[in-house]
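Engineer: give me a model of this one.
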Amino acid sequence: MSRMLTAGMCSVLAVATLPLTGTSDPLPPTTTYRPLPTMPFSEAMAIDEAQKPQVMERQRAMLETRYDLSDRPMGVLMSGGRKQVQEGVRVLPPEGMTWADLAAMSPQDIRDNDLLPDGFKPLPHVKQTTGGQVFPQVQIDAIAAQEQRDLERFDVDFDLPDHLIPEFPPPIFLTTQPHLGDVSRGELLTIANHYEIMNGLITPVQMEGLRLLLTPFPQEEFNQTEDRKVVGPSRGVACLDCHSNFNSNAGFHQSPDMRPQAARFRLDSPSLRGLFNQQIHGSKRSLRSIEDFTEFEQHTAYFNGDHVSAARKGQHIPDRSHKVAMMAQMQNIIDFPPAPKLDPMGRLVAELASEQELLGEDIFMGKGLCAECHIPTQSFMDHQMHDLKLERFYTPGETVNDMVLLPDGPIKTFTLRGIKDTPPYLHDGRLMTLADTVEFFNLVLQTDLTQAEKDALVAYMLTL
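Structural biologist: Residues are numbered from 1 along each chain as shown. Purely as a prediction, here's the structure:
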């Protein structure tokens, strides 16, 4: 019978019957295609709403065992000047252990003694068995106010505190208008206001591309059928609902490229800044152009990779010859935020940088191994995919909140330009701060950094 229930119902059963953690039957069989609804929408929604407090409490408890989620601003503003960057390592080390203790151990010893911090392991979706796009409340409120469109799900809420996600709305920088700085006027671009804000700054082709990027289309959880996760029939979501003002808002969904459902990893919405320099797209798919990615998103992220479900809900495939090209034209003029301390080759200007920042650059280029993948002359990336082999440090197969923790496999190198603007970090957002990323890579790459070197690396990344 469970094979015939809607995906929302499957999640209800999972919440009610699966333990918080465990190793039995870690990959329960699921179908390749999303099950069709078999009960009235009102009944499915009532069950989901009743289960929501338990779902959110379970996720909150998991997060609090992994992280220090307190609000600790460091006095450094993000590029728009509206929010401070958070300081400190937030991943909690195992009880009785320090970061120096862990760094002194071999991967095998950490694995054998189950000492890898939980915050370094894959982060489950807030409702793994159902999945789907989840937006932060600030984005939900802004879209409701401007467009009277509902992005609030009745089965889950966003799970991270507001101080640990990017500033909202983020600034917008154009490669075609570098002298203007932020052109957003401090507003969120939507279908309702984009023409007024961008008129006279971009070409007609780019304006049409922007309109398409802001036009909502049906999506798996936001559509007009009975298989949705919003109260009323929905026009759907827009590309820039996830990539607010072409940056990230920390909204997340699941990788569309994997099955079964229990193995699908959480996927943080990345920034679209600097796409003009990027040669591969998608953390796993390795698509070779922004045109490929723009078109393929309608087949994957919008409908969890299920074209059968998409056909029922109103799939929109933009025409490659002009719509996709126009969308790409707009995306390819989005610049990184200014980095006044960097020279044209991506190196610090000594006269502008502090001693700590210069030390951080030395560590970045050398002992820390950062520049092996994040190459300054290539926008601090290398257009490659790499496997960190994190499973050297833990035994895969544990189930946490219905997600089976499996090896990450190869993940693309993300740019570090403007990195202070895009928390949380890693492809699934498992690292809350820049200090967390330094501690993570110090352990995984076994670079044996001192605390002063770690602090210098964070100071350096803030200049990027």
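
Engineer: for Tyr425, see how far away Phe276 is.
Structural biologist: 23 Å (C-beta to C-beta, to the nearest Å). Backbone N, C-alpha and C define where each C-beta goes, glycine included.

Engineer: neighbour-wise, which of the two wins?
Structural biologist: Tyr425 (19 against 15; other C-beta atoms under 10 Å).

Engineer: residues near the residue nearest to the more buried one when sequence neighbours are not counted, how many?
Structural biologist: Leaving out its chain neighbours, the residue that sits closest to Tyr425 by C-beta to C-beta, 6 or more residues apart in numbering is Leu431, at 4.2 Å. Leu431 has 24 neighbours, counted by other C-beta under 10 Å.

Engineer: repeat that for the one 4 residues further on.
Structural biologist: Taking other C-beta under 10 Å as the criterion, the count of residues near Ala435 is 21.

Engineer: then Asp101?
Structural biologist: 12.

Engineer: any idea how far the residue most central in space within the chain lies from Asn249?
Structural biologist: With distances taken as C-alpha atoms, centre = their mean, the residue of the chain nearest its centroid is Asp268 (1.4 Å). As defined by C-beta to C-beta, Asp268 lies at a distance of 10 Å from Asn249.

Engineer: now stretch 420-429: how far from the chain's centre is it?
Structural biologist: Relative to its chain's centre, stretch 420-429 lies at 6 Å (C-alpha atoms, centre = their mean, to the nearest Å).

Engineer: grab the CA positions of it and hand them over as PDB.
Structural biologist: Extracted in PDB, the C-alpha atoms of stretch 420-429 (Å, rounded to 0.1, in the frame of the first residue of the first chain):
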ATOM      1  CA  LYS A 420      31.500  36.300   2.700                       C
ATOM      2  CA  ASP A 421      28.100  36.900   1.000                       C
ATOM      3  CA  THR A 422      27.000  33.300   0.600                       C
ATOM      4  CA  PRO A 423      26.700  31.300   3.800                       C
ATOM      5  CA  PRO A 424      26.200  28.500   4.600                       C
ATOM      6  CA  TYR A 425      29.000  26.700   2.700                       C
ATOM      7  CA  LEU A 426      29.700  23.400   0.800                       C
ATOM      8  CA  HIS A 427      27.200  22.100  -1.700                       C
ATOM      9  CA  ASP A 428      24.700  21.200   1.000                       C
ATOM     10  CA  GLY A 429      25.200  24.100   3.300                       C
END
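
Engineer: residues in contact with the residue nearest to the centre of the chain?
Structural biologist: Asp268 makes contact with Ser248, Ala250, Gly251, Phe252, Pro424, Leu426, His427, Asp428, Gly429 under the criterion C-beta atoms under 8 Å, 6 or more residues apart in numbering.

Engineer: name the nearest residue to it, ignoring sequence neighbours.
Structural biologist: In space, Asp268 is closest to Gly429, 3.9 Å off (C-beta to C-beta, 6+ apart).

Engineer: what is the helix or strand where Lys454 lies packed up against?
Structural biologist: Secondary structure from DSSP states H and E places Lys454 in helix 451-461. Helix 451-461 sits against helix 355-365, helix 434-444, with contacts defined as 3 or more C-beta pairs under 8 Å, 6 or more residues apart in numbering; DSSP states H and E.

Engineer: let's have those helices in JSON lines, adding mean pLDDT and distance to Pro178.
Structural biologist: Conversion of the helices and strands packed on helix 451-461 to JSON lines gives the following (pLDDT from 0 to 100; distance: least, C-beta to C-beta, whole Å):
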{"stretch": "helix 355-365", "mean pLDDT": "98", "distance to Pro178": "23"}
{"stretch": "helix 434-444", "mean pLDDT": "98", "distance to Pro178": "26"}
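
Engineer: looking at the ones you listed, which is buried most?
Structural biologist: Most buried of these, by mean neighbour count (mean count of other C-beta atoms under 10 Å): helix 434-444, with a mean of 22.

Engineer: for it, C-alpha coordinates in CSV please.
Structural biologist: Extracted C-alpha coordinates of helix 434-444, given in CSV (Å, rounded to 0.1, in the frame of the first residue of the first chain):
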residue,chain,number,x,y,z
LEU,A,434,34.1,30.6,7.0
ALA,A,435,35.8,29.4,10.1
ASP,A,436,33.9,26.2,9.8
THR,A,437,35.2,25.7,6.2
VAL,A,438,38.8,26.3,7.4
GLU,A,439,38.4,23.7,10.2
PHE,A,440,36.8,21.3,7.8
PHE,A,441,39.5,21.5,5.1
ASN,A,442,42.3,21.5,7.7
LEU,A,443,41.0,18.1,8.9
VAL,A,444,40.1,16.6,5.5
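
Engineer: and it with helix 451-461, angle?
Structural biologist: In terms of direction (axes from the mean of the first three to the mean of the last three C-alpha atoms, to 10 degrees), helix 434-444 departs from helix 451-461 by 130 degrees.
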